[in-house]
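>>> sequence first, then the predicted structure, then my questions.
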Protein chains: 2
Amino acid sequence: MGSAVSLAAGQKATINPEAAIFLGKIPRVPFASFLAPFLTGPRRIPGFRDRFKKVGTPIEESIIAKYNLRVKRITIAEVSVVVVEPPHIEPDNTSKIILNIHGGAFVLGSARDRTSLLMAAEMGIRVYSIDYSLSPEVRYPVARDQCLTVYRHLVRDFDPKDILGMGSSSGGQLILSMLLLAHREELPMPTALYLCTPAADLSGDGDSMIVNAARDVMPTSFLAQMVRQNYANSEVDDRDELYSPVFAHYEADFPPTIITVGTRDCLLSSGVRLYWKLRAAGAKAELLISEGMWHAFDWETEMPEAVCTRAAVRTFLTEHTPHQHTTPDPATADQTGTPPNAGAEQQAGSAGTGARAGTGRG
Amino acid sequence: MGSAVSLAAGQKATINPEAAIFLGKIPRVPFASFLAPFLTGPRRIPGFRDRFKKVGTPIEESIIAKYNLRVKRITIAEVSVVVVEPPHIEPDNTSKIILNIHGGAFVLGSARDRTSLLMAAEMGIRVYSIDYSLSPEVRYPVARDQCLTVYRHLVRDFDPKDILGMGSSSGGQLILSMLLLAHREELPMPTALYLCTPAADLSGDGDSMIVNAARDVMPTSFLAQMVRQNYANSEVDDRDELYSPVFAHYEADFPPTIITVGTRDCLLSSGVRLYWKLRAAGAKAELLISEGMWHAFDWETEMPEAVCTRAAVRTFLTEHTPHQHTTPDPATADQTGTPPNAGAEQQAGSAGTGARAGTGRG
């Protein structure tokens, strides 16, 4: 425990024992600010990816097995998208999808990660998770523009009222930036949004960036340098509203949004500030903060705080999406769960996301 | 600035300049944990009170003058209550009151403080603020029981639907503890509740009690020792549900409650945990967190973060109280703003709080 992040008795007392065990395994990194530039450059990214995958893959596979999820890979306008389908789709969700943009500091993670899997399984809904290109192979704004391309197709192929959005950490930046552009194009907005500890400010400012710098899952200086050295391009101003969307102008028609963070989270301030920004715009926003929790704790599969937060998120999303009051005709209902408007999409010459979801390649 | 609490450039960047100036004046106290027991005992309390009054009184007087408030002192069942009345009462609020329990670590502060004055002025509503006995002159649970006595009378004299509750910091503990007892007595609950950075856990535990220990308005160790040496009695268990009401059992009929805290607030964790507790009980709760803000920042008169938070609180309280749809008959409407049912109270032989509000002694 001597080499782990700080955790006093008074902090252990107000979190679940599982959370204390988790924090007890997070290494304290001495001289983090000094070391960060050397340990997070492009040549170091493959190592980070390997370690992340080694931890993540067995958990992902156990979730797929436990919930009997179907995972397919489709292509929408040349962008790879992972479609996760639970065996039972909630009656209210048969025509709905969640568009997910995964996290991983823009440099790691995958579209089939826990965020997609748990959301599909626990909410009983199809998740379309964009497998955007990672950095440093591409830099800002390539991934964001891939997400926008996919979104343009989704709002054509589905009733926009049936689209929910979701992004975690860097995925929060990507989905916000993408929706700001979509709004400029006058595309319809998704019906509701879930932002898990969104990276809404890449400038490095914020109360929590300082106070939680050495007590979150990774030193803040590592995250900041990882983004700076791999994701940022040479021209971007880190207060540009599309790069750091907490600085953007929002309007009242922005989708109802639930934001989740923890008190130990380096992005606590990012979530707090985004909440007030959306609220000031007249948009519906809810901010859920959890005691003693770290960056993206939401996705711990069994930890009580995470389970509780995910349940609250589902409540919000359900409350802010239209309900399907009609019972589908069993004679015409598609047992595979293909969205009812998939046929129409095909006729309209679309990329056929709906149909491909049922005939995916992977 | 060298002797003030820490405030890095990245923290200054996300708060208003007024807030940075405020934080720049808060002294850093070296060896706070060591010194706390010696500096916060009963003999030190008069000094704290004097300093608190010296800062607070001119601000209070300027608020009274600016808004032309009437401040009266009445007695309800031998407990002194300050009634603050704004010159203009909002049409929806003519029969409503806010019951306020002020803060001050149980040892200082007054019923005529900024919390009563600003609330009355900005919401256009009468505020009844209990002038409970301070510690160390009395100890737990004397002040709480005084509050309960007043509450018993208020729910008789007013329609409980017209009573809103409010408490700041230690006042949050007092109002929660009082309402838990009132619920056991099967008294009606107030229609909505505003808890400004409530002291819902006096055990000293919580993530923010550690991480914000030396960066809030007063060292956490001072507050903890002040409460322990002056307010606690010799028998109380600091996890008793009436002493630390975050440990209490709540039910879905608990009033809709809005809780406000800041990320620099030592009671951030207290607010966060209480929010989840109320939510889990099925009660309506909202948690408002403000970036970089300290304990009880809400009551800075002009600071943008505080102004914004108070506006959000008023929105919540208005949304969760019944609206008066009928226009009062001008021939019978009481121009002094005395509650419409004051006469009936008198006839019923009550302590006559409503009527006394109009004929107060101070």
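Looks like it arrived, so ask away.

>>> how about the residue in the stretch 51-200 of chain A positioned nearest to chain B: what's its closest non-neighbour residue?
Nearest residue of the stretch 51-200 of chain A to chain B (Cβ to the nearest Cβ) works out as residue A:200 at 11.3 Å. From N, CA and C alone the C-beta is placed, and that goes for glycine too. Using Cβ to Cβ, 6 or more residues apart in numbering or on different chains and skipping the chain neighbours, the partner closest in space to residue A:200 is residue A:246 (3.9 Å).

>>> for the one you found, report the pLDDT, please.
Predicted confidence (pLDDT) for residue A:246: 98.

>>> so it sits against residue A:275, correct?
No: contact criterion Cβ atoms under 8 Å: residue A:246 and residue A:275 do not qualify, at 9.9 Å.

>>> helices or strands next to the helix or strand harbouring residue A:275 in the packing?
Here residue A:275, judged by DSSP states H and E, is contained in helix A:268-281. Helix A:268-281 sits against helix A:207-211, strand A:257-262, strand A:285-290, strand B:285-290, helix B:304-319, with contacts defined as 3 or more Cβ pairs under 8 Å, 6 or more residues apart in numbering or on different chains; DSSP states H and E.

>>> phi, psi of the closest residue to residue A:106 other than its chain neighbours?
In space, residue A:106 comes closest to residue A:231 once its chain neighbours are excluded; the distance is 4.0 Å by Cβ to Cβ, 6+ apart. Torsion angles at residue A:231 (phi, psi; degrees, to the nearest 10) stand at phi -100, psi -40.

>>> how many other residues sit next to residue A:231?
Neighbour count for residue A:231, taken as other Cβ atoms under 10 Å in any protein chain shown: 24.

>>> contacting residues around residue A:60?
Neighbouring residues of residue A:60 by Cβ atoms under 8 Å, 6 or more residues apart in numbering or on different chains: A:112-114, A:117.

>>> strand partners of whichever helix or strand residue A:129 is part of, parallel vs antiparallel please.
Applying DSSP H and E as the criterion places residue A:129 in strand A:126-130. Under the criterion DSSP bridges, strand A:126-130 sits next to strand A:79-85 (antiparallel), strand A:97-101 (parallel) in its sheet.

>>> in chain A, which spans are helices?
A:9-12, A:17-24, A:32-39, A:45-67, A:114-123, A:142-157, A:170-184, A:207-211, A:220-230, A:268-281, A:304-319, A:342-347, A:353-358 (DSSP state H).

>>> just put these in CSV and tack on mean pLDDT.
What follows is those, written out as CSV (pLDDT from 0 to 100):
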stretch, mean pLDDT
helix A:9-12, 97
helix A:17-24, 97
helix A:32-39, 95
helix A:45-67, 97
helix A:114-123, 98
helix A:142-157, 98
helix A:170-184, 98
helix A:207-211, 98
helix A:220-230, 96
helix A:268-281, 98
helix A:304-319, 98
helix A:342-347, 35
helix A:353-358, 36
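
>>> go through the ones you listed and name the closest to residue B:34.
helix A:9-12 (17.3 Å; Cβ to Cβ).

>>> what are the contacting residues of the closest one?
Here helix A:9-12 has contacts from A:20, A:292, B:204-207, B:209-210, using Cβ under 8 Å, 6+ apart.

>>> out of the residues you listed, what pair is the most spread apart?
Longest span within these, Cβ to Cβ: A:20 and B:204, 17.5 Å.

>>> between those two, point out the one with more neighbours.
residue B:204 (19 against 14).

>>> that one is in contact with residue B:224, isn't it?
Yes: assessed by Cβ under 8 Å, residue B:204 is found in contact with residue B:224 at 5.0 Å.

>>> residue A:279 reaches residue B:311, doesn't it?
No: the criterion here is Cβ under 8 Å, and residue A:279 misses it with residue B:311 at 10.2 Å.

>>> would you mind finding the most buried of the strands paired with strand A:126-130?
strand A:97-101 (a mean of 26; mean count of other Cβ atoms under 10 Å in any protein chain shown).

>>> contacts for that strand, please.
Applying Cβ under 8 Å, 6+ apart, the set of residues contacting strand A:97-101 is A:111, A:115-116, A:119-120, A:123, A:125-130, A:132, A:147, A:150-151, A:154, A:158, A:162-168, A:171-172, A:174-175, A:178, A:190, A:339.

>>> mind running it again at 7 Å?
A:115-116, A:119, A:125-130, A:147, A:151, A:154, A:158, A:162-167, A:171, A:174-175, A:190 (Cβ atoms under 7 Å, 6 or more residues apart in numbering or on different chains).

>>> now swap in stretch A:284-297 and tell me
Here stretch A:284-297 makes contact (Cβ under 7 Å, 6+ apart) with A:11, A:14-15, A:19, A:103, A:168-169, A:196-197, A:216-217, A:256-267, A:271-272, A:275, A:278-279, A:305-306, A:309, A:312, A:316, B:207, B:269, B:272-273, B:287, B:289.

>>> what residues does the stretch 201-350 of chain A put near chain B?
A:204-211, A:263-264, A:268-269, A:272-273, A:287, A:289-292 (Cβ under 7 Å from any Cβ of the partner chain).

>>> picking that back up, how much space between the residue nearest to residue A:200 and residue B:172?
30 Å (Cβ to Cβ, to the nearest Å).

>>> ditto for residue A:58
Residue A:58 sits at a distance of 45 Å from residue B:172 (criterion: Cβ to Cβ).

>>> more neighbours, the two?
residue B:172 (27 against 10).

>>> hmm, the more buried one is touching residue B:199, no?
Yes: using Cβ atoms under 7 Å, residue B:172 is in contact with residue B:199, at 5.6 Å.

>>> give me the neighbour count for the nearest residue to residue A:317 once chain neighbours are set aside.
Leaving aside its chain neighbours, residue A:317 sits nearest to residue A:192 (5.2 Å; criterion: Cβ to Cβ, 6+ apart). Close neighbours of residue A:192, defined as other Cβ under 10 Å, add up to 23.

>>> residues touching residue A:192, list them.
Counted by Cβ under 7 Å, 6+ apart, residue A:192 has contacts A:164, A:255-256, A:317, A:320-321.

>>> ditto for residue A:49
Counted by Cβ under 7 Å, 6+ apart, residue A:49 has contacts residue A:108.

>>> any idea what the residue lying closest to residue A:116 once chain neighbours are set aside is bridged to?
Of all residues not flanking residue A:116 in the chain, residue A:129 sits nearest, at 4.1 Å (Cβ to Cβ, 6+ apart). Under the criterion DSSP bridges, residue A:129 forms beta bridges with residue A:82, residue A:100.

>>> right, and residue A:129 touches residue A:102 too?
Yes: under the criterion of Cβ under 7 Å, residue A:129 makes contact with residue A:102 at 6.2 Å.
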